[in-house]
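S.K.: Mind folding the following:
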Amino acid sequence: MNRLSMGKRSLYEYRAVIFDLDGTLYYQRPFRLRMLRYLAGYIMAHPSHMKDILIVRKYRKVREKWEECEKECAGNARYASLGLDDRQYQYVADKMNTEAARVRKVIHFFMLEMPLRFLPAYKDEMLAETIAELRKKDIAVAIYSDYPVEDKLRALGIEADACYTSADARIGCMKPEPRGIAVILEDLGCPAEDVLMIGDRYEKDGLAAEGNHVDYVIVCKNRKKRGDTPF
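M.R.: Have a look, this model is predicted:
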């Protein structure tokens with residue numbers, strides 16, 4: 001079931017809607033299974049690249065528990081001058097006994113570039129149509145993700161009015177920290193009560209919305225259970 005926190009308001013009564021991307025605008029679970037099959041074939045064909053897969057695995061774990069990992073970075077001059085992305089690359093490099101440049105290259109290929117070819121097959125067509133309808137009604141649409149946004153949106157054939165990622169200089173933190181949505185609200189020029197957040201994880205998207213007194217919808221991760229409309 002979808003989790004709602006929008007009272008009796010209609011979707012089209014809001015002045016702006018913020019969408020999460022991964023797991024929201026496409027179905028992440030079947031997509032990940034497709035990626036796992038691809039990676040298994042890739043390693044069979046390129047066994048010398050096994051460490052690259054381990055780097056990806058470590059990076060994903062670090063991103064999910066970044067609040068804990070960042071505490072280790074506190075007070076370490078090695079990380080002090082780095083932006084969010086570079087801190088994470090350096091942290092993974094230190095843990096994997098490799099160079100940050102290699103981590104960046106591996107993550108860019110395996111998580112940002114290569115997956116684009118598979119994304120369209122897992123697109124949530126209903127939410128894509130909803131975005132198009134919102135924009136026709138002059139309701140602003142922003143996309144806010146912990147990962148880069150623009151290339152994925154192009155692959156999905158979705159257009160938005162603004163895109164934000166946690167690594168943006170004005171944000172510099174991951175969900176559920178409220179700063180990202182606060183920046184978006186400032187740019188939109190809308191009061192919190194006129195903005196809706198749509199995501200797939202309460203512990204990330206829902207809490208980030210609550211931290212800014214923004215209404216939210218948490219859509220079900222399961223394609224069949226999500227239904228024709230979560231609103």
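
S.K.: For this protein, which segments are assigned as strands?
M.R.: Along the chain, counting by DSSP state E, strands occupy 3-5, 16-19, 140-145, 162-165, 195-199, 215-218.

S.K.: In a markdown table: those strands, plus mean pLDDT and distance to residue 96.
M.R.: C-beta: built from backbone N, CA, C; applies to glycine. Compiled in a markdown table, those are given as follows (pLDDT from 0 to 100; distance: least, Cβ to Cβ, whole Å):
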| stretch | mean pLDDT | distance to residue 96 |
| --- | --- | --- |
| strand 3-5 | 69 | 36 |
| strand 16-19 | 98 | 33 |
| strand 140-145 | 98 | 25 |
| strand 162-165 | 98 | 23 |
| strand 195-199 | 97 | 30 |
| strand 215-218 | 94 | 33 |
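
S.K.: can you tell which of those is closest to residue 104?
M.R.: strand 162-165 (15.3 Å; Cβ to Cβ).

S.K.: what about dumping the CA coordinates of that closest one to CSV?
M.R.: Taking Å, rounded to 0.1, in the frame of the first residue of the first chain, the C-alpha atoms of strand 162-165 are listed here in CSV:
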residue,chain,number,x,y,z
ALA,A,162,14.4,21.7,-11.8
CYS,A,163,16.8,18.9,-10.7
TYR,A,164,18.7,18.6,-7.4
THR,A,165,21.1,16.0,-6.0
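
S.K.: which secondary structure elements does it contact?
M.R.: strand 140-145, helix 179-188 (3 or more Cβ pairs under 8 Å, 6 or more residues apart in numbering; DSSP states H and E).

S.K.: Determine the set of other helices and strands touching the first one.
M.R.: I take that to be strand 140-145. Using 3+ Cβ pairs under 8 Å, 6+ apart, strand 140-145 sits against strand 16-19, helix 125-136, strand 162-165, helix 179-188.

S.K.: How about the longest one?
M.R.: On a contact count with 3+ Cβ pairs under 8 Å, 6+ apart, helix 179-188 meets strand 16-19, strand 140-145, strand 162-165, strand 195-199, helix 207-210.

S.K.: ok now do residue 144, which residues does it touch?
M.R.: Listed by Cβ atoms under 8 Å, 6 or more residues apart in numbering, the contact set of residue 144 reads 18, 19, 20, 21, 163, 164, 165, 180, 181, 184.

S.K.: ok, now which ones touch the third one?
M.R.: Under the criterion of Cβ under 8 Å, 6+ apart, the contact partners of residue 20 comprise 143, 144, 145, 197, 198, 199, 200, 201, 204, 205.

S.K.: Just give me the closest of these to residue 126.
M.R.: Closest to residue 126, out of all of those and judged by Cβ to Cβ, is residue 198, at 11.5 Å.

S.K.: distance of that closest one from residue 181?
M.R.: Distance, residue 198 to residue 181, by Cβ to Cβ, to the nearest Å: 12 Å.

S.K.: can you pull the buried residues of the helix ranked longest in the chain?
M.R.: If you go by DSSP state H, the chain has its longest helix at helix 28-45. For helix 28-45, the neighbour count (16 or more other Cβ atoms under 10 Å) marks 28, 31, 35, 39, 42 as buried.

S.K.: Quick one: list the elements packing against that helix.
M.R.: With 3+ Cβ pairs under 8 Å, 6+ apart as the test, helix 28-45 has helix 50-64 packed against it.
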